[in-house]
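Enquirer: Build me a structure from this.
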Amino acid sequence: MDTILLGVNIDHAATLRQSRYRDYEACCGKMIEPDPVAVALAAEQAGADGITAHLREDRRHMQDRDLLRLREAIQTRLNMEMAPTEEMIRFALQIRPDSVCLVPERREEVSTEGGLDVAARIEDLKATTAAFTAAGIVTSLFIDPEPKQIEAAIKIGAPCIEMHTGAYANAFYDVPAREREYARLCEAARLAHSAGMSVNAGHGINYINIAQIKKIPHLHELNIGHSILCRSILFGIGEAVREMKARMGV
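Expert: Residues are numbered from 1 along each chain as shown. Sure, this is the predicted structure:
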């Protein structure tokens with residue numbers, strides 16, 4: 001089996017910072033903690049294969065300045081999660097992350113609660129993907145593991161999908177429901193792989209369910225944030241990343 005890469009999502013380091021320092025610019029970035037960039041660098045040193053950061057339209061956690069600093073500071077790969085809006089597309093083309101993951105965004109949600117409905121907007125996402133490809137940026141579509149969404153991703157010409165694993169994670173302790181969701185993920189991964197797309201996954205992956213998640217066929221990368229940052233409170237970000245890598249079998 002090919003090695004699965006680990007992308008560490010650092011959004012919630014910024015969530016913790018913003019809980020006290022909402023007026024980030026007024027503080028000029030000084031004496032503010034935790035610094036998401038420092039967390040990213042420590043994660044890289046512990047073996048993270050990439051860093052993921054979601055710049056939301058309401059700037060509830062990551063700020064523009066964070067993405068600019070990450071682009072300059074990290075040594076691995078920067079994956080920018082973003083809603084496919086004109087503002088975010090312009091910003092991504094400005095900073096040139098290695099990849100973008102297009103996600104849905106609702107202001108009332110705490111975290112992303114489902115996949116992007118790419119089947120409902122094939123033409124504009126095709127144009128967005130083409131613009132990023134021309135700029136040397138790899139585009140991934142964050143979608144639910146549904147055949148119609150994968151078929152739409154194929155039409156769009158996306159080189160990569162990221163399967164939303166939230167339904168599986170939420171059903172984990174309901175064994176029949178979990179196995180149904182797991183089967184959906186496996187089938188979706190096979191379908192995307194057969195079309196030549198890279199297959200990533202993320203949302204709700206933790207130190208327990210990783211034992212089954214890592215067996216999904218054709219996985220290229222897992223993007224994990226909340227669980228790693230929770231573990232880091234007790235053991236430090238370095239140990240949290242190393243433990244997840246060990247449980248992934250890499």
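
Enquirer: and residue 80, what is it in contact with?
Expert: 52, 53, 54, 55, 67, 92, 95, 97, 99, 100, 101 (Cβ atoms under 8 Å, 6 or more residues apart in numbering). No exception for glycine: its C-beta is placed from N, CA and C like everyone else's.

Enquirer: got JSON lines for those, with pLDDT too?
Expert: Shown next, in JSON lines, are the contacts of residue 80 (pLDDT from 0 to 100):
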{"residue": "52", "pLDDT": "98"}
{"residue": "53", "pLDDT": "98"}
{"residue": "54", "pLDDT": "96"}
{"residue": "55", "pLDDT": "96"}
{"residue": "67", "pLDDT": "97"}
{"residue": "92", "pLDDT": "98"}
{"residue": "95", "pLDDT": "97"}
{"residue": "97", "pLDDT": "98"}
{"residue": "99", "pLDDT": "98"}
{"residue": "100", "pLDDT": "98"}
{"residue": "101", "pLDDT": "98"}
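
Enquirer: just curious, which of those residues is nearest to residue 86?
Expert: Within the contacts of residue 80, proximity to residue 86 (Cβ to Cβ) peaks at residue 92, which comes in at 11.0 Å.

Enquirer: Please flag which of the contacts of residue 80 sit within helices.
Expert: Mapping those onto helices (DSSP state H) picks out 67, 92, 95.

Enquirer: right, and the helix or strand after the least confident helix or strand in the chain by mean pLDDT?
Expert: Taking all helices and strands of the chain together, the one with the lowest average confidence (mean pLDDT, DSSP states H and E) is helix 11-20, at a mean of 92. With elements assigned by DSSP states H and E, the helix or strand that comes after helix 11-20 is helix 36-45.

Enquirer: Name the residues that touch that next one?
Expert: Taking Cβ under 8 Å, 6+ apart as the criterion, the residues outside helix 36-45 that touch it are 8, 10-11, 13-14, 17, 48, 51, 53, 62, 66, 69-70, 73-76, 228-229, 232, 236-238, 241.

Enquirer: okay, the angle between it and helix 11-20?
Expert: 160 degrees (axes from the mean of the first three to the mean of the last three Cα atoms, to 10 degrees).

Enquirer: tell me which residues of helix 36-45 are tucked away?
Expert: For helix 36-45, a neighbour-count test (16 or more other Cβ atoms under 10 Å) marks 36, 37, 39, 40, 41, 42, 43, 44 as buried.

Enquirer: any chance of those residues in TSV, plus pLDDT?
Expert: As requested, the buried residues of helix 36-45 are arranged in TSV below (pLDDT from 0 to 100):
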residue	pLDDT
36	96
37	96
39	98
40	98
41	98
42	98
43	98
44	98
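
Enquirer: from memory residue 248 sits against residue 212, does it?
Expert: No - with contact defined as Cβ atoms under 8 Å, residue 248 and residue 212 do not form a contacting pair (11.9 Å).

Enquirer: wait, what's in contact with the residue nearest the centre of the chain?
Expert: Within the chain, the residue whose C-alpha comes closest to the C-alpha centroid is residue 223; the distance, by Cα atoms, centre = their mean, is 4.7 Å. Residues near residue 223 by Cβ under 8 Å, 6+ apart: 7, 8, 9, 52, 79, 101, 162, 200, 201, 202.
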